[in-house]
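>>> Pasted the sequence and its predicted model underneath.
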Amino acid sequence: MKISESNVIRFHLQVLYGISVKKFKRNKGRWINSGAKVFGVPLDNLARRYIPEYGLVPCFLVDACSLLLDRIGTVGLFRKPGSLTRIKVLRAKLNRGEESLSTALPYDVATLVKQFCRELPEPLFPLELHDALLNAQTLPDPKERMAALQLLSCLLPARNFSCLLYLFDFLHKVAQRCSDNLMTSSNLATVFLPCLLPPPNKVEMSEGRLELRVLVLRTFVEHPHIFGVIPKHVIDGMDFLMNIHPLKDAFKKKGNGKRHSLKAPMKTSSWSQSKPKVRPAASLQTQSSTSGDGPKLRRSLGLMSFPNIQPFRICMPIADPGFRPAAALAGSKNAHKISVLSAMDRLQFTNWRRRSLP
């Protein structure tokens with residue numbers, strides 16, 4: 001088994017919460033230059049703008065949400081539909097690369113945002129992640145539900161993560177003004193369900209499954225600060241796996257004959273160095289400033305296009321200071337280490353280690 005960031009996250013999900021995650025299918029299709037087209041285009045082909053806190057976000061989404069922030073008190077925002085005639089004209093102008101949002105009505109722009117998310121060739125939450133998200137929502141303990149959803153959000157592809165983080169942060173601001181616009185986090189989650197977590201078949205259209213999907217989105221709308229943030233105990237678990245002394249001793253003993261080596265390198269590297277570089281869109285706008293609070297432990301496609309930015313791979317406490325992993329002992333100074341070691345025992349770490357040998 002290759003020791004990587006995603007594998008360690010999957011390991012914690014399986015051991016602590018009993019949640020298994022399917023492997024994502026790789027998109028082997030080539031990138032196609034779609035010109036100025038906005039709707040129905042893959043995220044990789046869209047013009048994107050780099051925002052330090054989020055990464056590379058589609059320019060249309062940034063412009064539309066910025067305009068709606070100035071009219072955030074509009075009653076029924078995202079719930080009331082816009083004019084079909086005006087929306088058709090706006091779509092045509094946007095697909096031709098014309099600037100037309102500045103004079104558009106808020107209901108029309110809000111409808112375009114939903115159409116943009118719904119018409120993406122692939123959902124922003126990959127289908128392979130849907131079952132895991134719903135299983136996390138069924139956990140009995142609220143803190144465990146939150147922690148499991150946080151870990152699952154860290155498995156998203158970087159392009160999807162940046163777009164969703166920006167959107168959830170914006171929807172959180174909309175929900176905070178629910179006294180004016182009458183759009184609570186539950187209302188927003190219900191409205192965006194077919195756009196972000198669409199049911200793939202009729203079986204998933206049952207009332208109970210739809211309610212779980214709404215609750216998943218509601219959690220991210222209410223707590224965008226946990227989205228994509230890797231908890232400290234997971235980073236500690238990765239450091240532990242990368243520096244296993246029994247593995248080193250085993251190779252020293254066998255080193256008298258022929259050489260042995262692991263398939264996975266034993267040295268840690270930043271996330272930006274372990275992924276292939278991606279060329280940004282032609283209209284990409286760079287910004288040299290970074291957040292004033294220092295680097296955050298988030299995954300962002302911006303690192304691949306802007307290697308001069310400091311990597312995110314630093315230890316950082318999780319958002320909820322009262323959170324303890326299920327296997328951790330309360331009041332222990334080394335609680336995060338105990339949770340990792342107990343997880344190793346539950347998965348029979350010795351056998352798993354042996355399978356890593358060539």
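Now that the structure is in, tell me what you want to look at.

>>> Look up phi and psi at the closest residue to L127 other than its chain neighbours.
Nearest in space to L127, with sequence neighbours left out and distances taken as Cβ to Cβ, 6 or more residues apart in numbering, is P200 at 5.8 Å. No exception for glycine: its C-beta is placed from N, CA and C like everyone else's. Phi and psi for P200, reported as degrees, to the nearest 10, are phi -80, psi -20.

>>> In this structure S153 contacts H223, no?
No: proximity of S153 to H223 does not meet the contact threshold set by Cβ atoms under 8 Å, at 10.3 Å.

>>> These two: who's more crowded?
Here S153 and H223 are compared on neighbour count by other Cβ atoms under 10 Å; more neighbours surround S153, at 27 against 17.

>>> Who are the contact partners of the more buried one?
Residues touching S153, when contacts are defined by Cβ atoms under 8 Å, 6 or more residues apart in numbering, comprise F161, L164, F220, I226, F227, G228.

>>> Can you tell me which of those comes closest to H172?
Closest approach to H172 among the contacts of S153 (Cβ to Cβ): F220, at 8.7 Å.

>>> from what I can see that closest one touches F168, true?
Yes: contact between F220 and F168 holds when scored by Cβ under 8 Å: they sit 4.8 Å apart.

>>> Overlap in contacts, the two.
Counting by Cβ under 8 Å, 6+ apart, the residues touching both F220 and F168 are F227.

>>> how about low-confidence regions in the stretch 151-300 of the chain?
Scanning the stretch 151-300 of the chain with the threshold set as pLDDT under 70 gives 241-300.

>>> Could you pull out the helices in it for me?
Chain-ordered helices for the stretch 151-300 of the chain, with DSSP state H, counting those that start in this stretch as the definition, fall at 158-176, 178-181, 185-196, 207-222, 232-242, 245-253.

>>> Give me whichever of the ones you listed is most buried.
helix 158-176 (a mean of 22; mean count of other Cβ atoms under 10 Å).

>>> helices or strands up against that one?
Packed against helix 158-176, as judged by 3 or more Cβ pairs under 8 Å, 6 or more residues apart in numbering; DSSP states H and E, are the following elements: strand 55-58, helix 59-69, helix 185-196, helix 207-222.

>>> send the alpha carbons of it over as PDB?
Taking C-alpha atoms only, helix 158-176 is exported to PDB below (Å, rounded to 0.1, in the frame of the first residue of the first chain):
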ATOM      1  CA  ALA A 158      -8.300  20.100  -5.800                       C
ATOM      2  CA  ARG A 159     -10.400  21.700  -8.500                       C
ATOM      3  CA  ASN A 160     -13.700  20.500  -6.900                       C
ATOM      4  CA  PHE A 161     -12.500  21.500  -3.400                       C
ATOM      5  CA  SER A 162     -11.700  25.100  -4.400                       C
ATOM      6  CA  CYS A 163     -15.000  25.600  -6.000                       C
ATOM      7  CA  LEU A 164     -17.000  24.100  -3.200                       C
ATOM      8  CA  LEU A 165     -15.100  25.900  -0.500                       C
ATOM      9  CA  TYR A 166     -15.800  29.200  -2.100                       C
ATOM     10  CA  LEU A 167     -19.500  28.400  -2.600                       C
ATOM     11  CA  PHE A 168     -20.100  27.100   0.900                       C
ATOM     12  CA  ASP A 169     -18.400  30.200   2.400                       C
ATOM     13  CA  PHE A 170     -20.600  32.400   0.300                       C
ATOM     14  CA  LEU A 171     -23.800  30.400   1.300                       C
ATOM     15  CA  HIS A 172     -22.800  30.700   4.900                       C
ATOM     16  CA  LYS A 173     -22.900  34.500   4.600                       C
ATOM     17  CA  VAL A 174     -26.300  34.200   2.900                       C
ATOM     18  CA  ALA A 175     -27.600  32.100   5.800                       C
ATOM     19  CA  GLN A 176     -26.300  34.600   8.400                       C
END
